[in-house]
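**Q** A structural model of the following input is requested.
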Amino acid sequence: MSETTKRGPGEALKASPHEQAAILMQALPHMLRYDDATVVVKYGGHAMGDDQVARAFARDMVLLEQSGVNPVVVHGGGPQIGAMLAKLGIKSEFAGGLRITDKATVEIVEMVLAGSINKQIVGFINAEGGRAIGLCGKDGNMVTVKKVERTVYDPDSNIEKVVDLGFVGDPDKVDTTVLDQVLGRELIPVLAPVAQGADGETYNVNADTFAGAIAGALEAKRLLFLTDVPGVLDKNKNLIKELRIDDIRGLIADGTITGGMIPKVETCIYALEQGVEGVVILDGKTPHAVLVELLTDHGAGTLITR
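**A** Here you go, the predicted structure:
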(Lines give C-alpha, C1' and ligand atoms only; values in the text may rest on other atoms or scores of the structure.)
Protein backbone atom coordinates (compact mmCIF):
# COMPACT_ATOMS: atom_id res chain seq x y z
CA MET A 1 0.00 0.00 0.00
CA SER A 2 1.30 3.40 -0.99
CA GLU A 3 -0.04 5.82 1.57
CA THR A 4 0.39 5.05 5.27
CA THR A 5 0.12 7.06 8.43
CA LYS A 6 1.97 6.69 11.73
CA ARG A 7 -0.37 6.80 14.68
CA GLY A 8 1.95 6.78 17.64
CA PRO A 9 4.75 4.90 19.36
CA GLY A 10 4.40 1.14 19.24
CA GLU A 11 1.43 1.20 16.85
CA ALA A 12 1.51 -0.45 13.43
CA LEU A 13 1.34 1.54 10.21
CA LYS A 14 -2.25 1.99 9.12
CA ALA A 15 -3.80 2.33 5.69
CA SER A 16 -5.36 5.60 4.59
CA PRO A 17 -9.17 5.88 4.80
CA HIS A 18 -9.48 5.32 1.04
CA GLU A 19 -7.32 2.20 1.21
CA GLN A 20 -9.36 0.90 4.16
CA ALA A 21 -12.57 1.40 2.15
CA ALA A 22 -11.05 -0.43 -0.83
CA ILE A 23 -10.10 -3.37 1.41
CA LEU A 24 -13.64 -3.56 2.81
CA MET A 25 -15.13 -3.49 -0.69
CA GLN A 26 -12.84 -6.33 -1.76
CA ALA A 27 -14.12 -8.37 1.19
CA LEU A 28 -17.82 -7.76 0.40
CA PRO A 29 -18.43 -10.65 -2.07
CA HIS A 30 -16.68 -13.04 0.31
CA MET A 31 -18.76 -11.80 3.26
CA LEU A 32 -21.92 -12.40 1.21
CA ARG A 33 -20.73 -15.91 0.32
CA TYR A 34 -20.26 -16.84 3.98
CA ASP A 35 -23.29 -14.96 5.35
CA ASP A 36 -24.97 -17.22 7.95
CA ALA A 37 -22.60 -20.07 6.98
CA THR A 38 -20.92 -22.24 9.61
CA VAL A 39 -17.12 -22.27 9.64
CA VAL A 40 -15.33 -24.68 11.99
CA VAL A 41 -11.78 -23.68 12.92
CA LYS A 42 -9.38 -26.23 14.41
CA TYR A 43 -6.97 -24.21 16.54
CA GLY A 44 -3.80 -26.24 17.13
CA GLY A 45 -1.79 -26.66 20.29
CA HIS A 46 1.39 -25.19 18.76
CA ALA A 47 -0.44 -22.17 17.30
CA MET A 48 -1.75 -21.44 20.82
CA GLY A 49 1.65 -20.98 22.42
CA ASP A 50 1.98 -17.25 21.65
CA ASP A 51 -0.33 -14.76 23.43
CA GLN A 52 -0.05 -12.22 20.63
CA VAL A 53 -1.09 -14.83 18.04
CA ALA A 54 -3.91 -15.97 20.36
CA ARG A 55 -5.27 -12.44 20.67
CA ALA A 56 -5.10 -11.93 16.90
CA PHE A 57 -6.97 -15.23 16.45
CA ALA A 58 -9.63 -14.09 18.94
CA ARG A 59 -10.11 -10.82 17.03
CA ASP A 60 -10.53 -12.79 13.81
CA MET A 61 -13.28 -14.92 15.39
CA VAL A 62 -15.12 -11.84 16.67
CA LEU A 63 -14.88 -10.14 13.27
CA LEU A 64 -16.24 -13.25 11.53
CA GLU A 65 -19.18 -13.46 13.93
CA GLN A 66 -19.93 -9.76 13.48
CA SER A 67 -19.78 -10.26 9.69
CA GLY A 68 -22.61 -12.83 9.77
CA VAL A 69 -20.48 -16.00 9.85
CA ASN A 70 -21.10 -18.67 12.52
CA PRO A 71 -17.60 -19.62 13.73
CA VAL A 72 -17.06 -22.75 15.82
CA VAL A 73 -13.64 -23.19 17.45
CA VAL A 74 -12.23 -26.66 18.22
CA HIS A 75 -8.90 -26.61 20.03
CA GLY A 76 -6.15 -29.06 20.80
CA GLY A 77 -3.57 -28.88 23.54
CA GLY A 78 -1.01 -31.66 23.20
CA PRO A 79 2.02 -29.60 24.32
CA GLN A 80 0.12 -28.21 27.33
CA ILE A 81 -1.04 -31.69 28.36
CA GLY A 82 2.53 -33.00 28.13
CA ALA A 83 3.79 -30.11 30.26
CA MET A 84 1.14 -30.70 32.95
CA LEU A 85 1.81 -34.46 33.08
CA ALA A 86 5.53 -33.73 33.52
CA LYS A 87 4.78 -31.16 36.22
CA LEU A 88 2.70 -33.71 38.15
CA GLY A 89 5.27 -36.45 37.67
CA ILE A 90 2.97 -38.70 35.64
CA LYS A 91 4.98 -40.69 33.11
CA SER A 92 3.30 -41.60 29.84
CA GLU A 93 3.61 -45.13 28.54
CA PHE A 94 3.89 -45.80 24.85
CA ALA A 95 3.19 -48.84 22.68
CA GLY A 96 4.42 -48.83 19.11
CA GLY A 97 4.97 -45.08 19.34
CA LEU A 98 1.39 -44.44 20.54
CA ARG A 99 0.61 -42.87 23.93
CA ILE A 100 -1.42 -45.04 26.31
CA THR A 101 -3.98 -42.90 28.16
CA ASP A 102 -4.73 -44.44 31.55
CA LYS A 103 -7.29 -43.22 34.10
CA ALA A 104 -4.90 -40.77 35.78
CA THR A 105 -3.82 -39.34 32.42
CA VAL A 106 -7.35 -38.84 31.06
CA GLU A 107 -8.26 -36.89 34.22
CA ILE A 108 -5.36 -34.51 33.51
CA VAL A 109 -6.34 -34.33 29.82
CA GLU A 110 -9.87 -33.29 30.77
CA MET A 111 -8.61 -30.77 33.32
CA VAL A 112 -6.24 -29.12 30.82
CA LEU A 113 -8.42 -29.26 27.68
CA ALA A 114 -11.91 -28.59 29.07
CA GLY A 115 -10.52 -26.42 31.88
CA SER A 116 -7.56 -24.08 31.55
CA ILE A 117 -7.05 -24.05 27.75
CA ASN A 118 -10.74 -23.83 26.91
CA LYS A 119 -11.39 -20.97 29.31
CA GLN A 120 -8.25 -19.13 28.20
CA ILE A 121 -9.51 -19.08 24.59
CA VAL A 122 -12.98 -18.04 25.80
CA GLY A 123 -11.34 -15.22 27.77
CA PHE A 124 -9.35 -13.99 24.75
CA ILE A 125 -12.48 -13.87 22.56
CA ASN A 126 -14.51 -12.11 25.25
CA ALA A 127 -11.70 -9.57 25.79
CA GLU A 128 -11.91 -8.65 22.09
CA GLY A 129 -15.62 -7.89 22.32
CA GLY A 130 -17.08 -11.30 21.45
CA ARG A 131 -19.23 -13.63 23.53
CA ALA A 132 -17.67 -17.06 23.64
CA ILE A 133 -19.05 -20.12 25.40
CA GLY A 134 -16.75 -22.97 26.42
CA LEU A 135 -18.02 -26.52 25.92
CA CYS A 136 -16.69 -30.05 25.46
CA GLY A 137 -18.04 -33.17 23.77
CA LYS A 138 -19.76 -34.25 26.99
CA ASP A 139 -22.08 -31.23 27.12
CA GLY A 140 -25.56 -32.19 25.94
CA ASN A 141 -24.12 -35.52 24.75
CA MET A 142 -22.69 -33.51 21.86
CA VAL A 143 -20.20 -36.22 20.90
CA THR A 144 -20.38 -39.89 21.87
CA VAL A 145 -17.25 -41.88 21.18
CA LYS A 146 -16.20 -45.45 20.66
CA LYS A 147 -12.96 -46.76 22.09
CA VAL A 148 -10.01 -46.67 19.68
CA GLU A 149 -8.07 -49.83 18.96
CA ARG A 150 -4.83 -49.77 17.06
CA THR A 151 -2.64 -52.56 15.75
CA VAL A 152 1.15 -52.40 15.75
CA TYR A 153 3.58 -54.66 13.96
CA ASP A 154 5.72 -56.83 16.22
CA PRO A 155 8.99 -57.64 14.43
CA ASP A 156 9.82 -60.46 16.86
CA SER A 157 6.68 -62.49 16.17
CA ASN A 158 6.15 -61.10 12.66
CA ILE A 159 2.46 -60.44 13.40
CA GLU A 160 0.28 -57.42 14.12
CA LYS A 161 -0.87 -57.07 17.71
CA VAL A 162 -3.90 -55.14 19.00
CA VAL A 163 -2.81 -52.41 21.43
CA ASP A 164 -5.11 -51.12 24.16
CA LEU A 165 -4.54 -47.34 24.17
CA GLY A 166 -6.75 -46.85 27.22
CA PHE A 167 -9.17 -43.93 27.28
CA VAL A 168 -8.77 -42.77 23.67
CA GLY A 169 -11.90 -42.53 21.53
CA ASP A 170 -13.11 -41.77 18.00
CA PRO A 171 -16.38 -39.89 17.38
CA ASP A 172 -19.28 -42.30 16.92
CA LYS A 173 -22.33 -40.01 17.10
CA VAL A 174 -22.70 -36.22 17.06
CA ASP A 175 -25.79 -34.51 18.50
CA THR A 176 -25.88 -30.84 17.44
CA THR A 177 -28.78 -29.85 19.75
CA VAL A 178 -26.61 -27.66 22.01
CA LEU A 179 -24.74 -26.07 19.10
CA ASP A 180 -28.02 -25.39 17.27
CA GLN A 181 -29.14 -23.40 20.32
CA VAL A 182 -25.89 -21.41 20.41
CA LEU A 183 -25.17 -20.64 16.75
CA GLY A 184 -26.84 -17.58 15.26
CA ARG A 185 -27.24 -15.95 18.69
CA GLU A 186 -24.02 -13.90 18.65
CA LEU A 187 -22.26 -16.63 20.65
CA ILE A 188 -19.02 -18.33 19.61
CA PRO A 189 -18.74 -21.96 20.82
CA VAL A 190 -15.25 -23.08 21.84
CA LEU A 191 -15.06 -26.89 21.99
CA ALA A 192 -12.60 -29.13 23.84
CA PRO A 193 -12.12 -32.63 22.33
CA VAL A 194 -13.12 -34.59 25.42
CA ALA A 195 -16.19 -36.83 25.23
CA GLN A 196 -18.03 -39.72 26.84
CA GLY A 197 -18.32 -43.29 25.65
CA ALA A 198 -21.39 -45.52 25.80
CA ASP A 199 -19.79 -47.02 28.92
CA GLY A 200 -19.99 -43.64 30.70
CA GLU A 201 -16.21 -43.22 30.79
CA THR A 202 -14.33 -40.09 29.70
CA TYR A 203 -12.24 -40.32 26.54
CA ASN A 204 -9.60 -38.13 24.94
CA VAL A 205 -10.31 -37.55 21.23
CA ASN A 206 -7.87 -36.45 18.54
CA ALA A 207 -8.73 -32.77 18.03
CA ASP A 208 -8.50 -32.94 14.21
CA THR A 209 -10.90 -35.90 14.07
CA PHE A 210 -13.22 -34.20 16.59
CA ALA A 211 -13.28 -31.04 14.44
CA GLY A 212 -14.05 -33.10 11.32
CA ALA A 213 -16.97 -34.86 13.02
CA ILE A 214 -18.39 -31.56 14.34
CA ALA A 215 -18.00 -29.83 10.96
CA GLY A 216 -19.68 -32.73 9.17
CA ALA A 217 -22.64 -32.83 11.57
CA LEU A 218 -23.11 -29.05 11.20
CA GLU A 219 -22.75 -29.29 7.39
CA ALA A 220 -20.10 -26.58 7.65
CA LYS A 221 -19.19 -24.58 4.56
CA ARG A 222 -15.54 -24.62 5.60
CA LEU A 223 -13.32 -26.47 8.05
CA LEU A 224 -10.02 -24.69 8.63
CA PHE A 225 -7.05 -26.55 10.09
CA LEU A 226 -4.62 -24.03 11.60
CA THR A 227 -1.25 -25.81 11.56
CA ASP A 228 2.45 -24.90 11.60
CA VAL A 229 2.83 -25.25 7.80
CA PRO A 230 1.51 -23.06 4.93
CA GLY A 231 -0.51 -25.94 3.46
CA VAL A 232 0.21 -28.85 1.12
CA LEU A 233 3.46 -28.28 -0.80
CA ASP A 234 4.57 -29.74 -4.12
CA LYS A 235 7.98 -31.36 -4.63
CA ASN A 236 9.50 -27.91 -5.23
CA LYS A 237 8.13 -26.71 -1.86
CA ASN A 238 5.57 -24.44 -3.54
CA LEU A 239 2.08 -24.16 -2.06
CA ILE A 240 -0.64 -26.13 -3.86
CA LYS A 241 -3.68 -23.84 -3.74
CA GLU A 242 -6.44 -26.37 -4.52
CA LEU A 243 -6.80 -30.14 -4.41
CA ARG A 244 -9.50 -32.77 -4.79
CA ILE A 245 -9.66 -36.07 -2.92
CA ASP A 246 -8.44 -38.04 -5.98
CA ASP A 247 -5.45 -35.66 -6.32
CA ILE A 248 -4.45 -36.34 -2.71
CA ARG A 249 -4.33 -40.10 -3.20
CA GLY A 250 -2.08 -39.61 -6.22
CA LEU A 251 0.23 -37.22 -4.36
CA ILE A 252 0.61 -39.70 -1.50
CA ALA A 253 1.37 -42.49 -3.98
CA ASP A 254 4.06 -40.50 -5.81
CA GLY A 255 5.72 -39.28 -2.59
CA THR A 256 4.75 -35.59 -2.83
CA ILE A 257 2.72 -35.80 0.39
CA THR A 258 4.81 -37.49 3.08
CA GLY A 259 5.36 -37.76 6.83
CA GLY A 260 3.11 -35.74 9.15
CA MET A 261 1.12 -34.27 6.26
CA ILE A 262 -0.40 -37.69 5.45
CA PRO A 263 -2.58 -37.92 8.60
CA LYS A 264 -3.56 -34.24 8.10
CA VAL A 265 -4.90 -34.81 4.58
CA GLU A 266 -6.51 -38.10 5.63
CA THR A 267 -8.43 -36.14 8.28
CA CYS A 268 -9.45 -33.66 5.56
CA ILE A 269 -10.83 -36.55 3.47
CA TYR A 270 -12.69 -37.85 6.55
CA ALA A 271 -14.26 -34.39 7.10
CA LEU A 272 -15.32 -34.10 3.44
CA GLU A 273 -16.89 -37.56 3.62
CA GLN A 274 -18.82 -36.38 6.72
CA GLY A 275 -20.43 -33.62 4.63
CA VAL A 276 -18.13 -30.58 4.87
CA GLU A 277 -18.09 -28.50 1.65
CA GLY A 278 -14.38 -27.59 1.74
CA VAL A 279 -11.40 -28.08 4.06
CA VAL A 280 -8.39 -25.76 4.22
CA ILE A 281 -4.92 -26.45 5.67
CA LEU A 282 -3.16 -23.18 6.51
CA ASP A 283 -0.46 -21.71 8.76
CA GLY A 284 -1.97 -20.73 12.11
CA LYS A 285 0.97 -18.50 13.02
CA THR A 286 0.45 -16.21 10.03
CA PRO A 287 -1.33 -13.08 11.30
CA HIS A 288 -5.06 -13.11 10.48
CA ALA A 289 -4.70 -16.26 8.35
CA VAL A 290 -8.40 -17.08 8.81
CA LEU A 291 -9.50 -13.68 7.47
CA VAL A 292 -7.05 -13.87 4.56
CA GLU A 293 -8.44 -17.30 3.64
CA LEU A 294 -12.13 -16.45 3.91
CA LEU A 295 -12.37 -12.75 3.04
CA THR A 296 -9.73 -12.10 0.34
CA ASP A 297 -9.41 -13.06 -3.32
CA HIS A 298 -6.24 -15.15 -3.01
CA GLY A 299 -6.75 -17.17 0.19
CA ALA A 300 -4.08 -18.39 2.60
CA GLY A 301 -3.63 -22.15 2.34
CA THR A 302 -4.60 -25.33 0.46
CA LEU A 303 -8.33 -25.78 -0.23
CA ILE A 304 -9.41 -29.43 -0.47
CA THR A 305 -12.81 -30.35 -1.91
CA ARG A 306 -14.60 -33.48 -3.08
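
**Q** show me where the stretch 151-300 of the chain has strands.
**A** 159-174, 188-192, 194-197, 202-205, 222-227, 242-244, 278-283 (DSSP state E, counting those that start in this stretch).

**Q** which helices and strands sit right next to the last one?
**A** This means strand 278-283. strand 222-227, helix 261-274, helix 289-295, strand 302-305 (3 or more CB pairs under 8 Å, 6 or more residues apart in numbering; DSSP states H and E). Heads up, the C-betas are built off the backbone N, CA and C, glycines and all.

**Q** Adjacent strands (with direction) for that strand?
**A** Partner strands and pairing direction for strand 278-283 (DSSP bridges) are strand 222-227 (parallel), strand 302-305 (antiparallel).

**Q** and the angle for it with helix 261-274?
**A** 150 degrees (axes from the mean of the first three to the mean of the last three CA atoms, to 10 degrees).

**Q** for the fifth one, same thing?
**A** Strand 222-227 runs at 160 degrees relative to helix 261-274, counting by the same axes, to 10 degrees.

**Q** The first one too?
**A** Inter-element angle recorded for strand 159-174 and helix 261-274: 40 degrees (by the same axes, to 10 degrees).

**Q** let's number from 320 now, not from 1
**A** Renumbered: residue one is now 320, and that last one reads strand 478-493.

**Q** so what secondary structure elements neighbour strand 478-493?
**A** Going by 3+ CB pairs under 8 Å, 6+ apart, strand 478-493 lies up against strand 417-419, helix 422-429, strand 462-473, strand 513-516, strand 521-524, helix 526-536.

**Q** Of all those, which one comes closest to Ala451?
**A** Counting by CB to CB, Ala451 lies closest to helix 526-536 out of the helices and strands packed on strand 478-493; the figure is 15.8 Å.

**Q** following the helix or strand bottoming out on mean pLDDT in the chain, which helix or strand shows up next?
**A** Of all helical and strand segments in the chain, the minimum by mean pLDDT, DSSP states H and E falls on strand 323-324, at a mean of 42. Next helix or strand after strand 323-324 toward the C-terminus (DSSP states H and E): strand 333-334.
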